[in-house]
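J.: would you be able to build a 3D model of this:
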Amino acid sequence: MQFKNCHRLIWLIITGLACQVVCGQRPASAWPAAGQVDSLRVLVWKKKVSANQLSELSNFVELRQLTLQNARLTAFPEEICNLKNLEYLSLGNNEIDSVPACICELNQLKTLELWENNIYNLPPCMERMKNLKVLDLRTMKYSVQEHSDLMLRFKHLDIKLSEPCDCNFD
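T.: Residues are numbered from 1 along each chain as shown. Sure, this is the predicted structure:
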């Protein structure tokens with residue numbers, strides 16, 4: 001995809017075969033190259049993302065909203081922790097099992113959506129993230145005790161959880 005004359009690109013939404021670009025163009029779907037879109041604010045990517053694409057994430061320093069849903073992620077991309085202006089992060093419907101402590105460096109983060117993953121440990125520093133208002137952990141299977149612990153731990157947030165399960169993971 002070419003982003004010629006698109007240095008002020010604000011939104012890029014890519015879902016399967018569809019691509020919407022707010023720049024007066026509607027190119028075919030592809031990951032934006034660094035330097036082509038130096039003012040990208042919103043990136044919505046709802047398909048598989050490669051390691052090369054993830055390594056380029058930290059180039060989008062103006063990014064405010066990032067959605068990587070259905071991206072087949074098996075780990076939290078630590079490159080995200082370099083996006084200091086990020087306010088909204090959605091990593092729903094992946095296979096992520098933990099969140100690194102570097103998430104706490106995202107001081108502007110207000111909403112963190114991690115629904116439909118396998119996350120059972122959140123770093124303690126998340127409790128002190130001043131701007132974080134919404135934490136979405138729906139569809140993850142937490143026991144009654146884990147559910148209660150999360151509700152207590154993040155009582156200052158709008159925390160979204162599915163009903164606790166009557167499950168034993170031992």
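
J.: can you get me a residue count around L68?
T.: Number of residues near L68 (other Cβ atoms under 10 Å) recorded here: 26. Glycine gets a C-beta too; all of them are placed from N, C-alpha and C.

J.: for the spatially closest residue to E127 that is not a sequence neighbour, what are phi and psi?
T.: Excluding its sequence neighbours, the residue lying closest to E127 (Cβ to Cβ, 6 or more residues apart in numbering) is R153, at 6.2 Å. In terms of degrees, to the nearest 10, the main-chain angles of R153 are phi -60, psi -40.

J.: R153 and N121 touch, don't they?
T.: No. Taking contacts as Cβ atoms under 8 Å, R153 lies outside contact range of N121: 11.7 Å.

J.: so where's the protein uncertain?
T.: For the chain, applying pLDDT under 70 flags the ranges 1-38, 167-170.

J.: let me see the ranges of the strands in this protein.
T.: Counting by DSSP state E, the chain has strands at residues 11-15, 18-21, 42-45, 65-68, 88-90, 111-113, 134-136, 158-160.

J.: L132 contacts Q108, correct?
T.: No. Counting by Cβ under 8 Å, L132 stays clear of Q108, with 9.7 Å between them.

J.: which of these two has more neighbours?
T.: Between L132 and Q108, counted using other Cβ under 10 Å, L132 has the larger neighbour count: 22 against 15.

J.: how long is stretch 78-85 end to end?
T.: 15 Å (Cα to Cα, to the nearest Å).

J.: let me redo that: stretch 49-66
T.: First-to-last residue span, stretch 49-66, Cα to Cα: 13 Å.

J.: buried stuff in that stretch?
T.: Residues 49, 53-54, 57-60, 63-66 are the ones in stretch 49-66 that count as buried (16 or more other Cβ atoms under 10 Å).

J.: any chance of these in CSV, plus distance to N94?
T.: Formatted as CSV, the buried residues of stretch 49-66 follow (distance: Cβ to Cβ, whole Å):
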residue, distance to N94
V49, 10
Q53, 14
L54, 12
L57, 15
S58, 19
N59, 22
F60, 19
L63, 18
R64, 21
Q65, 17
L66, 13
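
J.: all helices of this protein, in order?
T.: In the chain, the helices defined using DSSP state H lie at 51-56, 144-153.

J.: quick one: contacts of the longest one?
T.: Looking back up the chat, that one is helix 144-153. 120, 127, 137, 142, 159, 161, 163-164, 166 (Cβ atoms under 8 Å, 6 or more residues apart in numbering).

J.: one step back: so what's the residue count around the residue nearest to E127?
T.: When neighbours are counted by other Cβ under 10 Å, R153 registers 14.
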